[in-house]
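Asks: here is my input, please return the structure:
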Amino acid sequence: MYSVDVNAYKGFSLVKNITLFLLLLSILIIEAHSKTLVMASDEWCPYVCKDKERPGFLVEIMTKVALRNDIDLIFSFIPLARALEMTKVGKLDMVLAITPQHLFEYKLQQSKLSFGGLYNDFYILSDNKWRYSDSNELITALKKNKILGVINGYEYRDKLTQLIASNKAYIHTSSGDSPLSKLLKMLQAGRVDIILDSRFTIQYELSKHSQSNIIYAGTEGSFTPLYLGFSPKLHENIIKLFDNGLVKLRNNGELAKILEKYGLDDWEH
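Replies: Coordinates of the predicted model:
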C-alpha cells in the first residue's frame with residue numbers, strides 16, 4: 001500500500017501556482033511594454049517615401065523610436081484627407097507630418113515637439129515670367145486663367161486657404177498616394193501653371209528626375225512646424241515616448257545622420 005506525503009504535495013502545488021503566477025505576470029509585462037500602432041501618410045518625400053532604401057526621414061525616426069520602446073509599427077500609404085478622418089475616429093493611431101490647423105480641425109492629440117516643417121512655396125516652368133510677391137500677384141494670375149495645383153487635404157495657412165477656396169475654378173486639387181508627383185507631371189504637360197507645396201518636397205522630387213526646367217517662384221509666409229497627430233483614443237504616454245525619442249536621437253547625433261541621407265539639416269537649428 002502506497003502512502004502520500006501531503007505536505008510534499010502541498011509544496012508541489014504551491015511551486016506550480018507560483019510558476020503559473022510568474023508566467024502570467026511576465027505576459028502582462030510584455031503586453032504592457034509591447035504595443036502595435038498603425039500610422040499613415042501619403043507619399044511626401046523626403047518626409048515619407050515609397051523607397052525601401054530611403055523610406056523618408058520621418059519614417060526612419062518613427063521606426064527607431066518604436067524599436068527602442070517595444071512598439072510594433074504598421075505603416076500605410078493613405079491619402080492625407082482620408083488618413084486624418086480615420087485618425088480622428090480611432091481607425092488609425094497616428095498620422096505623420098501635419099500642421100497646427102490639421103490638429104485643430106480634426107481634434108487630434110499632438111506631439112509636443114515638431115517633427116519637421118515646411119514652407120508654402122510656388123514653382124513654375126522656367127519659361128514662365130510669373131513670380132509670387134504677395135497674394136495679389138496670385139489672384140491676378142488666376143484671373144488670367146492660370147491654374148494653380150494644390151494637394152487635397154493640405155493646409156496652406158489662412159491667407160492662401162481663403163484664396164484657394166474663393167477661386168476654385170482655377171484650382172486643380174491633386175489626390176491619391178503620390179499627389180505631388182502627379183502635379184509635377186501636370187506642370188510639365190502644361191495642365192497646371194503653378195504648383196504650391198514645400199521646397200523640401202519639390203526639390204527632393206526634382207533631384208530624382210533631373211527636371212531642371214521647373215524653378216522656384218516665391219514663398220508665402222514663414223516656416224510652419226509639422227507635428228505627429230494622434231488619435232483622441234490613444235494614451236498620452238505613447239505620445240511622450242515619441243517626443244522623448246526624438247530628443248534622444250537629436251542629442252546622440254542619430255537624427256543628424258538620418259537627415260544627412262536626405263540632404264537636410266535639423267529644422268530646429
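
Asks: quick check: closest non-adjacent residue to the most centrally placed residue in the chain.
Replies: The centre of the chain sits closest to residue 96, judged by Cα atoms, centre = their mean, with a distance of 2.1 Å. Spatial nearest neighbour of residue 96, chain neighbours left out: residue 41 (4.2 Å); criterion: Cβ to Cβ, 6 or more residues apart in numbering. The C-beta positions use only the backbone N, C-alpha and C, and glycine is treated the same way.

Asks: swap in residue 199?
Replies: residue 121 (4.5 Å).

Asks: before we move on, what about residue 193?
Replies: The shortest distance from residue 193 to any non-neighbouring residue, by Cβ to Cβ, 6+ apart, is to residue 146 (4.2 Å).

Asks: over to the residue nearest to residue 199: give its phi and psi.
Replies: With angles defined as degrees, to the nearest 10, residue 121 sits at phi -110, psi 150.

Asks: neighbours of the residue nearest to residue 193, how many?
Replies: Close neighbours of residue 146, defined as other Cβ atoms under 10 Å, add up to 16.

Asks: cool, and residue 119?
Replies: Neighbours of residue 119 (other Cβ under 10 Å): 14.

Asks: with residue 155 instead?
Replies: The local packing of residue 155 (other Cβ under 10 Å) involves 19 other residues.

Asks: three-state assignment of it?
Replies: With DSSP: H, G, I helix; E, B strand; the rest coil as the basis, residue 155 sits in coil.

Asks: what about it, distance to residue 97?
Replies: Between residue 155 and residue 97 the computed distance is 11 Å (Cβ to Cβ, to the nearest Å).

Asks: ditto for residue 231
Replies: Taken as Cβ to Cβ, the span from residue 231 to residue 97 is 16 Å.

Asks: these two: who's more crowded?
Replies: Neighbours per residue, other Cβ under 10 Å: of residue 231 and residue 97, the larger number sits with residue 97, 24 against 21.

Asks: the more buried one and residue 58 touch, don't they?
Replies: Yes - in this structure, residue 97 is within contact of residue 58 by Cβ atoms under 8 Å, at 6.0 Å.

Asks: centre of the chain versus stretch 56-67, how much separation?
Replies: 11 Å (Cα atoms, centre = their mean, to the nearest Å).

Asks: what segments of the chain are helices?
Replies: 6-33, 57-68, 80-88, 100-106, 135-143, 157-165, 179-188, 199-209, 236-251, 254-260 (DSSP state H).

Asks: report all helices and strands that the third one contacts.
Replies: In terms of contacts (3 or more Cβ pairs under 8 Å, 6 or more residues apart in numbering; DSSP states H and E), helix 80-88 is packed against strand 35-41, strand 94-98, helix 100-106, strand 227-230.

Asks: and if you look at the last one?
Replies: Counting contacts by 3+ Cβ pairs under 8 Å, 6+ apart, helix 254-260 is packed against helix 57-68, helix 236-251.

Asks: so which of these is the most surrounded?
Replies: helix 57-68 (a mean of 19; mean count of other Cβ atoms under 10 Å).

Asks: that one vs strand 35-41, what angle?
Replies: 180 degrees (axes from the mean of the first three to the mean of the last three Cα atoms, to 10 degrees).

Asks: give me the beta-bridge partners of the closest residue to residue 183 other than its chain neighbours?
Replies: In space, and not counting its chain neighbours, residue 183 is closest to residue 149: 4.3 Å by Cβ to Cβ, 6+ apart. As for beta bridges, residue 149 partners with residue 172, residue 195 under DSSP bridges.

Asks: wait, what's in contact with residue 149?
Replies: 171-172, 174, 183, 186-187, 192, 194-196 (Cβ atoms under 8 Å, 6 or more residues apart in numbering).

Asks: just the buried subset of these, please.
Replies: 171-172, 174, 183, 186-187, 192, 194-196 (16 or more other Cβ atoms under 10 Å).

Asks: which two of those residues have the greatest separation?
Replies: 171 and 187 (14.1 Å; Cβ to Cβ).

Asks: distance between the ends of stretch 104-113?
Replies: One end of stretch 104-113 sits 16 Å from the other (Cα to Cα, to the nearest Å).
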